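[1] Structure, please.
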Amino acid sequence: MSKANYRELKRQTKQARIFVKPTIYNPRDSANNENVPTDHKDKFATIQALGRTPFFTYGYTPSTETSDKPWQLSNRNRAKILVQYAAKCRRENRNEAGWRYEVESKIFVRFDFEVACKRCRKRLWRSEIESNPTSSNSRTTSLVERQQKRELCKCNPSGRLDDFLDPGLSELFSSRIQEAVCQPGEVNTQTPNPKKEPDRIHGLQRTTMFEKLLQEVYSHEESEHSRPRSIEEVLQVSINPDNGGDPLLFPFLLLEAKGEKGPENFEHMEIQTSFPIKHALKLQYDLLKTRGNTMDVPGGPLIWFLANRGEDWRVYAGFVHEEDGRPNYWIQHLWGGNITGLDGAMQLVLIVDYILDWARDIYRPNILRQLKMLSSSNMNDAMTLGFDPDVYSLAGEVQPWMEEVEAQNFELMPDEMLSPPQSDAASVTHDEEPLDPLAQFKTHHGLVRDGRYIESRVRALFLTADNARTFFEDFDNPKKAMTLARSILAALNRRCVVLESGDVLKHIEDKWTGTEQQRPILARKESRVYSQFRVSYYINHAWEQVRELTYLAASEDAREILIETADFRQVVRRRSRFNPPKCSRDDILGTIELLLKRSVRQDLVAALARRTFMLDMESTGIDPLSSRDEFISTSAGLISKMVLKVDKDKKSPGVAMQELVHAVYEKYRIGKREPSEPFLRVSSRVDLDGRPLWRDWKAGDELPKYESHLDKVLVCADVMNAPFLPKNSDQKLCMFVLDGKGVAEPFDITAKLLWFLFKNEIYGTVRKGRVYKTRVNWRDNRVEHFFRMEKAGELLKASAVELRSGIFEWIKAINSPPESLESQV
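    Next up is the predicted model:
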């Protein structure tokens with residue numbers, strides 16, 4: 001930065017009411033601390049107390065707490081490693097990039113991993129000084145109680161060697177590296193807004209809880225006649241420009257780094273980062289001042305700023321102080337140290353751990369409660385936060401998991417509100433396969449898929465005498481275990497069949513996915529198994545077809561444990577009025593085979609309609625799968641014994657069962673890793689070869705003339721306000737190729753798109769993923785999946801004009817030169 005630029009930037013900071021205090025914070029200097037919010041002084045004092053910790057007495061001198069804080073040894077080792085790398089960078093006279101590469105990952109490592117053991121849920125580490133609960137805007141004592149109840153993980157390391165170095169990725173925080181920041185809210189042309197790119201920004205990740213709250217309707221509009229808006233439309237939640245991916249929400253930590261041999265000093269870094277600090281503070285300030293937000297935030301907006309010049313590091317705090325009704329943005333120096341020394345490295349490690357603890361226990365819940373206040377007119381409703389299925393180690397902390405669930409009215413968060421599990425991420429990866437001939441048609445307007453691909457997956461909860469007690473021991477509160485046991489019993493009592501043994505489930509999974517997990521079936525062979533099954537078809541957020549078999553099963557011995565855990569022994573006789581029908585192995589495997597033999601065309605229509613089926617026992621019945629090809633009408637066929645029925649009833653036992661199984665699955669899924677608990681059955685397979693294209697199709701058959709228009713179908717899917725989608729996967733249009741060739745020329749795709757424009761018709765669905773719970777259009781068993789484009793506005797929230805425009809733009813992109821097409825993706 002030149003001297004002229006520096007002087008100009010410094011002038012602009014004053015004009016924008018940004019001030020940097022020239023002295024380090026001193027709690028005794030009351031005159032200089034007049035504008036420091038009282039509630040922040042405690043945090044500043046904690047930073048300085050940690051900044052005085054000597055390495056050689058920390059975690060070394062035996063005390064009554066030594067055995068309760070084994071992470072102190074880890075912190076000492078981290079400090080030693082940090083010193084070694086800092087010394088290496090100094091010996092080699094590294095530049096800024098070299099220092100950042102070697103040092104930053106060691107300092108911020110705990111931002112990426114969970115604080116709880118994935119087996120026992122107890123703490124792997126705690127901050128040396130934990131956040132003061134009075135800094136929270138909660139009106140309850142939940143944080144105090146949680147801090148008091150936190151226990152140390154005492155799992156035997158020899159028993160968890162497979163995950164000793166893999167505690168699970170944290171879904172709480174995310175970061176951006178050298179990305180531009182922008183002024184939140186309406187840009188005031190009178191206020192300076194220089195473009196800046198901080199070296200590092202940490203903020204909140206857009207989890208399911210944030211997704212739900214931001215899409216809630218803002219309930220404090222000035223006029224009753226105003227157009228309903230979502231909270232996300234009212235507020236700006238990020239200081240980074242929209243790049244098509246998940247935004248970094250409400251940043252709370254910034255870093256600016258310089259090389260040891262550079263000419264710029266700390267004052268340059270303070271001024272250079274002043275505007276990003278102001279923008280981050282303004283996000284919090286605007287949220288706090290939003291109409292309807294009466295939630296108090298002790299101390300007001302607060303962010304942390306770290307600056308380093310080689311081995312010299314400083315820690316700052318940014319806060320807001322109002323004067324004459326206008327916000328002033330202050331930057332206060334709190335600590336400085338040198339990480340080539342053990343004391344300085346140790347102190348920096350402890351300070352960053354404290355900031356992480358504050359962000360987790362104070363800052364994030366404060367933001368969530370304020371957002372909930374904007375969607376609620378009831379203060380008490382806003383004080384209680386629901387379970388966030390993305391956040392593994394908060395299960396049972398923010399709100400006890402399934403605490404309010406009643407066996408008779410089981411209402412867990414439906415699958416649409418859950419984050420897409422790993423298997424909802426692209427599994428077929430058509431567009432990532434370099435040999436995929438259809439990848440050439442992908443632009444940000446649309447893409448082309450081979451309709452023969454479909455993912456078959458299993459999601460199941462199978463309790464046996466050997467794993468049921470282990471399952472319930474995971475609950476620290478017996479009441480929670482009792483509630484869940486009653487829910488499982490209620491689901492099985494409402495609908496289930498009796499299988500001769502657990503081996504039948506193994507054969508079912510092997511037939512459905514061909515990848516049955518290599519675990520022993522723990523139910524005794526002679527023990528009968530009570531099971532309920534449901535099959536769901538849908539298209540996931542990556543435009544892949546999925547058919548999912550979900551089941552809940554309990555062996556006869558496990559049912560006894562369920563009755564005991566549910567505390568039903570003194571209420572009802574164990575077998576009272578419970579006599580479900582028996583189902584033979586051949587019968588259920590034959591039914592599964594019928595599903596797997598369905599044609600490509602049938603499965604695609606089922607996925608577009610998001611069809612759900614139940615498997616139940618009847619003497620006779622009509623098979624809904626054989627009634628029609630759904631593109632072509634045929635006569636219905638009769639079947640007996642186990643039957644398939646379209647499961648449309650929202651109060652169906654299958655709905656509650658599926659939600660229960662998915663909730664347990666999400667509880668044990670850590671980050672992107674599938675669960676490995678013995679009571680969960682998780683497997684999948686992508687099917688392609690041997691699938692008939694239509695009813696009675698045989699290899700070599702060509703489409704008859706009157707069906708030639710079905711060689712390719714154009715689908716539009718509503719992805720309204722869906723920032724959870726991976727980058728470059730937000731296309732609203734997809735062409736499914738159904739002719740079995742798996743290849744196409746630009747002329748073929750263009751001609752088909754023009755055909756749909758001429759016919760003025762289109763297929764439609766809703767891709768499954770995180771969506772707004774109350775929207776009627778996001779339901780299963782949709783009535784219409786093929787309609788005129790004018791009706792798309794009603795069914796898919798996309799007007800006919802928008803559809804036609806998108807199709808025209810896609811045609812133009814497909815027929816552009818290759819280099820132009822690549823730039824569209």
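
[2] how about the helices of the stretch 501-650 of the chain, start to end?
    502-513, 556-565, 585-596, 600-608 (DSSP state H, counting those that start in this stretch).

[3] What residues of the shortest one count as buried?
    The one in question is helix 600-608. V600, R601, Q602, D603, L604, V605, A606, A607, L608 (16 or more other Cβ atoms under 10 Å). C-betas here are computed from N, CA, C, even on glycine.

[4] Columns mean pLDDT and distance to E216 on top of the helices of the stretch 501-650 of the chain, output as a markdown table?
    A markdown table is the format used below for the helices of the stretch 501-650 of the chain (pLDDT from 0 to 100; distance: least, Cβ to Cβ, whole Å):
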| stretch | mean pLDDT | distance to E216 |
| --- | --- | --- |
| helix 502-513 | 93 | 37 |
| helix 556-565 | 91 | 36 |
| helix 585-596 | 92 | 38 |
| helix 600-608 | 93 | 28 |
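
[5] re earlier: tell me the two of the buried residues of helix 600-608 that are most distant?
    V600 and L608 (12.7 Å; Cβ to Cβ).

[6] before we move on, the earlier item: and which of the buried residues of helix 600-608 is nearest to V535?
    The nearest one, if we look at the buried residues of helix 600-608 relative to V535 and count by Cβ to Cβ, is A606, at 9.2 Å.

[7] I figured that closest one hits I539, correct?
    No: counting by Cβ atoms under 8 Å, I539 is not a contact partner of A606; they are 10.2 Å apart.

[8] For stretch 173-189, the averaged confidence score.
    The predicted model assigns stretch 173-189 a mean pLDDT of 77.

[9] Pull out the buried residues from it.
    F173, S174, S175, R176, E179, V181, C182, Q183, P184.

[10] Other residues contacting that stretch?
    The contact list for stretch 173-189, computed with Cβ atoms under 8 Å, 6 or more residues apart in numbering, reads 108, 111-112, 191, 193, 195-205, 236, 239-241, 246, 248, 275-276, 279, 282-283, 286, 359.

[11] So which of these sit within strands?
    The strands, defined by DSSP state E, take in R200, I201, H202, G203, L204 from the contacts of stretch 173-189.

[12] got the contact list for N93?
    Counted by Cβ under 8 Å, 6+ apart, N93 has contacts E260, K261.

[13] Assign a three-state SS to it, would you?
    Using DSSP: H, G, I helix; E, B strand; the rest coil, the structure places N93 in coil.

[14] Report pLDDT for it.
    pLDDT at N93 comes out at 91.

[15] For the buried residues of stretch 173-189, please prepare CSV with the additional fields distance to S555 and secondary structure.
    Formatted as CSV, the buried residues of stretch 173-189 follow (distance: Cβ to Cβ, whole Å; DSSP: H, G, I helix; E, B strand; the rest coil):
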residue, distance to S555, secondary structure
F173, 41, strand
S174, 42, strand
S175, 46, strand
R176, 50, strand
E179, 53, coil
V181, 57, strand
C182, 58, coil
Q183, 61, coil
P184, 56, coil
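
[16] Determine which two of these are furthest apart.
    It's F173 and Q183 that sit farthest apart of these, by Cβ to Cβ, at 23.3 Å.

[17] which of the helices of the stretch 501-650 of the chain is buried the deepest?
    Most buried of the helices of the stretch 501-650 of the chain by mean neighbour count (mean count of other Cβ atoms under 10 Å) is helix 600-608; its value is a mean of 24.

[18] And that helix, how far out from the chain middle?
    28 Å (Cα atoms, centre = their mean, to the nearest Å).
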